[in-house]
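K.L.:
How does the following fold in three dimensions:
(one chain, ligands or ions: 1)
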Amino acid sequence: MGKKIKSGFIVAIDGPAGAGKSTVSRLLALELNGRLLDTGAMYRSVAYFAVKENVSTAKGFSKIARQLNFDYDSKNQSILVNGQEMGNRLRTQQVSALASKVSAFKGVRQTLTLCQRKLGKTWAKTAPVVVEGRDIGTVVFPRVDYKFFVTADPKVRAERRYQQLKKQGTKGVSLQAILRSNMERDKQDSSRKHAPLKCAEDAIVVDTSKMSINQVVQFMSEHIRGRMSLVGD
Ligand code: DC
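P.N.:
This next block holds a predicted model:
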């Protein structure tokens with residue numbers, strides 16, 4: 001550590017569901033004294049309001065995306081949606097499944113991509129910003145200096161999620177069902193026409209199958225600080 005981190009840079013973190021991306025991004029943002037932009041939460045918000053307002057068309061999803069206003073809640077390192085803390089409302093199975101579907105629509109992606117660029121650039125004026133998603137290094141911020149693609153063996157990803165649910169006391173979910181649902185989401189996210197989940201050519205691939213969360217965060221932080229000293233910051 002030691003080296004002082006300057007503001008004004010963006011770290012893009014992409015990868016499939018359950019690879020440890022969210023936890024790693026959160027901790028890295030803390031480590032860098034920066035902000036976290038959780039773009040998945042933005043797609044989840046569109047899905048949440050679509051369920052709430054009984055919307056099921058592409059036009060309707062795009063309209064919801066245009067009506068949402070996002071802000072940062074530094075206390076929880078999370079995003080405020082129309083001034084509201086969303087918490088676990090964005091994490092239900094129903095919202096997760098619909099988020100993957102709404103994120104395939106061009107209108108929704110265009111609106112949220114513009115929004116993400118604006119937020120990321122504005123926040124980066126005062127602090128480092130860790131942007132987490134599926135298309136950050138390829139589409140949203142293709143020219144940033146720091147790009148990571150966080151992945152893990154599908155079985156390891158399912159096992160981690162299973163343990164997490166067990167710890168939370170969730171009953172009736174099997175490891176097999178999680179594995180199937182992850183594979184379904186991965187397939188949907190990677191095969192969609194607009195901005196599919198893809199590793200950017202210049203991203204560093206971090207396979208977390210055999211690494212602890214702390215090891216991953218340390219690796220990323222050292223990489224960033226090392227690169228900064230190379231350019232003489
Ligand atoms: O990261 P997450 O599980 O919270 O993301 C929710 C959904 O949104 C997921 O199915 C993929 C999609 N998503 C996306 O298409 N592009 C992003 N930049 C972030 C998430």
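K.L.:
I'd assumed residue 213 was in contact with residue 20.
P.N.:
Yes: at 6.0 Å, residue 20 counts as touching residue 213 under the criterion of CB atoms under 8 Å. Every C-beta, even on glycine, is put in place using the N, C-alpha and C of the backbone.
K.L.:
who has more neighbours, the two?
P.N.:
residue 20 (23 against 13; other CB atoms under 10 Å).
K.L.:
Now do the same contact list for the more buried one.
P.N.:
Neighbouring residues of residue 20 by CB atoms under 8 Å, 6 or more residues apart in numbering: 150, 152, 160, 208, 213, 216.
K.L.:
and the residues you listed, which are buried?
P.N.:
150, 152, 160, 208, 216 (16 or more other CB atoms under 10 Å).
K.L.:
Surely the last one is within a helix?
P.N.:
Yes: secondary structure assignment (DSSP: H, G, I helix; E, B strand; the rest coil) places residue 216 inside a helix.
K.L.:
quick one: it and residue 171, what's the gap?
P.N.:
30 Å (CB to CB, to the nearest Å).
K.L.:
Around the ligand, which positions in this protein sit nearby?
P.N.:
With CB under 6 Å from any ligand atom as the criterion, the chain meets the ligand at residues 17, 39-40, 43-44, 99-100, 103, 133-135, 185, 189.
K.L.:
Narrow those residues to those in helices?
P.N.:
Judged by DSSP state H, the subset of those located in helices is 39, 40, 43, 44, 99, 100, 185, 189.
K.L.:
okay, now the second one: neighbour count?
P.N.:
A count of nearby residues for residue 40, using other CB under 10 Å, gives 20.
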